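Asks: Predicted model and sequence follow; I will ask about them next.
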Amino acid sequence: MTISRRTLVRGLGAGVLGAGPLSACTGGRRGAPPETTGPTAEALAEPDTALTLGSIGASFGRSAAFETPIGLALGQAMIDVNKRWGGLFGHEVTLLERHVMAEPGEDLTDVIAQFAEAGASTVITSIDEEALVAAIPAFVDAGIAVIDLFTSGMSVRAPEVVSSNMLTRLAPNDVALAALYAEASWAASSDDGPAPGTVALVSEDTAHGHSLHEELGRILDPDGGTVLAEHFYPAGKMGEVAPVVEKILATPPALLVVNGGPEAGPLLSALHEATLDEEGKRPTVEFARRLSPAASVDYSAAELAPESLSAATGYLPGAELTVEHVNMMLNLDADLQRTGYGYSPQAYDAAVLACLAAQDALSVDGVDIAASVARVLTGTEECTSYGDCSSILRTGVQSQDRATVSYRGRMGPLELGPAKDPRTGTLRTFSWNEANERQGAGDEDFETPA
């Protein structure tokens, strides 16, 4: 289905202005005198229509490690919405069978067409930037809203990528991440150490990696900072680490950013050993390390040098996990206590947000849902579950009043910016002990620079 101009204007207007139902002007019977009163607002009413959702993940690349918890959280969110809280508009919400990409470059056109044919108006994605950019035209043509859990690269928001207001992202974009990394680099002490505002970047050779490199330079350069060194490698395959260590230490940076996966472990171990004094006890040069989500794993079984990650900080998007969420996930798969919960809070919340956006819009149409997602994150009445939020919205309908909600879900508070990427939100951070075991290090707020 191609989105008409009228449909796009409707979606854009609701997203920008927070508009409610369109006013309707009713004329009299043919031949009757015209009414002298002004237009009357159309009565608020829930449609007698079921909502259908789809989802797409990947079994390769940096998203592969998070596929299991994402899929489990999506399924549990649907159970909660339907069995615990009675569904939406008097119907159960349907989540179609999840499609998992098996290799890079897979064409999703037929998958999206099948979702559309099955009635899906919103699809939740956890795929990389390259796959999402390639799929956006098909989503737009089908009138399907997309809630993406995973991508941060700015290639997704390039001018030539026309998403027509249909794409919402829940993870901080590379502008926000670069700002955090730049701030960390400027915080370094200059006394006998690396120059503040200097960064070395080791990254997978992906759209996300190059986007992050570009944003780091854009933020650092005007203030006299710089990216001292960069090294890109094929996804998941860093190869020999000695040349990379040599490049980093040629001019030590205030901050090393490693944007990859668990292959970061051997690099950090070699880097740590290369900086130790002759007795092998104390580092002769010290600087902070920041690790991306896929690299923020437990390395205790990886046979790395002790304290290899003592100067490292890792992160995952979202606030500290609640006991309720952890227990929910462990009931689904006890092995997650070892492998981690990944983007499961975002997955759970994405399903809830799709339902709340439909309730807010009083529509299951993809354009309307896309326009209402931001609204249900920043409304008047704060609520923390689908049940509480939908109750507020439904009470408003019953009283013919437009209630608004501010959903504070499993991922914590989140506010979207004009492009429907997160403007403000929270990261849960990690540190590592002497044995390279990952430990929680609390929350860190982020704000995307204008």
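Replies: Arrived safely, thanks for sending.
Asks: Can you read off the pLDDT for R290?
Replies: Note on R290: pLDDT of 98.
Asks: For the helix or strand hosting it, which helices and strands make contact with it?
Replies: Using DSSP states H and E, R290 sits in strand 288-291. With contacts taken as 3 or more Cβ pairs under 8 Å, 6 or more residues apart in numbering; DSSP states H and E, strand 288-291 sits against helix 174-186, strand 255-259, strand 312-317. For every residue, glycine as well, the C-beta is placed using N, CA and C.
Asks: any idea which residue sits dead centre in the protein?
Replies: For the chain, the residue nearest the mean C-alpha position is A171 (2.4 Å; Cα atoms, centre = their mean).
Asks: Counting neighbours, what do you get for V323?
Replies: 7 (other Cβ atoms under 10 Å).
Asks: Next, the contact list for it, please.
Replies: By Cβ atoms under 8 Å, 6 or more residues apart in numbering, no residues touch V323.
Asks: Give me the phi and psi for it.
Replies: Dihedral pair for V323: phi -60, psi -40, per degrees, to the nearest 10.
Asks: Present the helices and strands packed on strand 288-291 as a markdown table; the columns should include mean pLDDT and mean neighbour count.
Replies: A markdown table is the format used below for the helices and strands packed on strand 288-291 (pLDDT from 0 to 100; neighbours: other Cβ atoms under 10 Å):
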| stretch | mean pLDDT | mean neighbour count |
| --- | --- | --- |
| helix 174-186 | 97 | 22 |
| strand 255-259 | 98 | 27 |
| strand 312-317 | 97 | 23 |
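Asks: The residue lying closest to F89 once chain neighbours are set aside - how many residues pack around it?
Replies: In space, and not counting its chain neighbours, F89 is closest to E46: 4.8 Å by Cβ to Cβ, 6 or more residues apart in numbering. Per other Cβ under 10 Å, the neighbour tally for E46 reads 16.
Asks: Hmm, V397 and E46 touching each other?
Replies: Yes: applying Cβ atoms under 8 Å, one finds E46 in contact with V397, separated by 6.2 Å.
Asks: can you list residues touching both of the two?
Replies: Common neighbours of E46 and V397 (Cβ under 8 Å, 6+ apart) are L362.
Asks: Please export the C-alpha coordinates of the longest helix seen in the chain as PDB.
Replies: Criterion DSSP state H: the longest helix present in the chain is helix 344-361. What follows is helix 344-361, C-alpha atoms only, in PDB (Å, rounded to 0.1, in the frame of the first residue of the first chain):
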ATOM      1  CA  SER A 344      14.800  -7.100  26.600                       C
ATOM      2  CA  PRO A 345      13.500  -3.900  28.400                       C
ATOM      3  CA  GLN A 346      13.300  -2.100  25.000                       C
ATOM      4  CA  ALA A 347      11.600  -5.100  23.400                       C
ATOM      5  CA  TYR A 348       8.900  -5.300  26.100                       C
ATOM      6  CA  ASP A 349       8.300  -1.600  26.000                       C
ATOM      7  CA  ALA A 350       8.200  -1.400  22.200                       C
ATOM      8  CA  ALA A 351       5.300  -3.900  22.200                       C
ATOM      9  CA  VAL A 352       3.500  -1.900  25.000                       C
ATOM     10  CA  LEU A 353       4.200   1.400  23.200                       C
ATOM     11  CA  ALA A 354       2.600   0.100  20.000                       C
ATOM     12  CA  CYS A 355      -0.500  -0.800  21.900                       C
ATOM     13  CA  LEU A 356      -0.600   2.500  23.900                       C
ATOM     14  CA  ALA A 357       0.000   4.500  20.700                       C
ATOM     15  CA  ALA A 358      -3.000   2.700  19.100                       C
ATOM     16  CA  GLN A 359      -5.100   3.400  22.100                       C
ATOM     17  CA  ASP A 360      -4.100   7.100  22.100                       C
ATOM     18  CA  ALA A 361      -4.800   7.400  18.400                       C
END
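Asks: Next secondary structure element downstream of the helix or strand of the chain with the lowest mean pLDDT?
Replies: Ranked by mean pLDDT, DSSP states H and E, the weakest helix or strand in the chain is helix 5-17, scoring a mean of 38. Reading on from helix 5-17 to the C-terminus, the next helix or strand found by DSSP H and E is strand 52-58.
Asks: would you put the C-alpha positions of that following strand in PDB?
Replies: Output of strand 52-58 as PDB, limited to C-alpha atoms (Å, rounded to 0.1, in the frame of the first residue of the first chain):
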ATOM      1  CA  THR A  52      -1.500  -6.900  14.600                       C
ATOM      2  CA  LEU A  53       2.300  -6.500  15.200                       C
ATOM      3  CA  GLY A  54       5.300  -8.000  13.500                       C
ATOM      4  CA  SER A  55       8.900  -8.200  14.500                       C
ATOM      5  CA  ILE A  56      12.300  -8.700  12.800                       C
ATOM      6  CA  GLY A  57      15.600  -9.700  14.400                       C
ATOM      7  CA  ALA A  58      19.000 -11.100  13.200                       C
END
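Asks: Does that strand pack against any helices or strands, and if so which?
Replies: Counting by 3+ Cβ pairs under 8 Å, 6+ apart, strand 52-58 packs on helix 67-79, strand 94-95, strand 99-101, strand 122-125.
Asks: Mind doing that once more with 10 Å?
Replies: On a contact count with 3 or more Cβ pairs under 10 Å, 6 or more residues apart in numbering; DSSP states H and E, strand 52-58 meets helix 67-79, strand 94-95, strand 99-101, helix 109-117, strand 122-125, helix 129-142, strand 145-148, helix 344-361.
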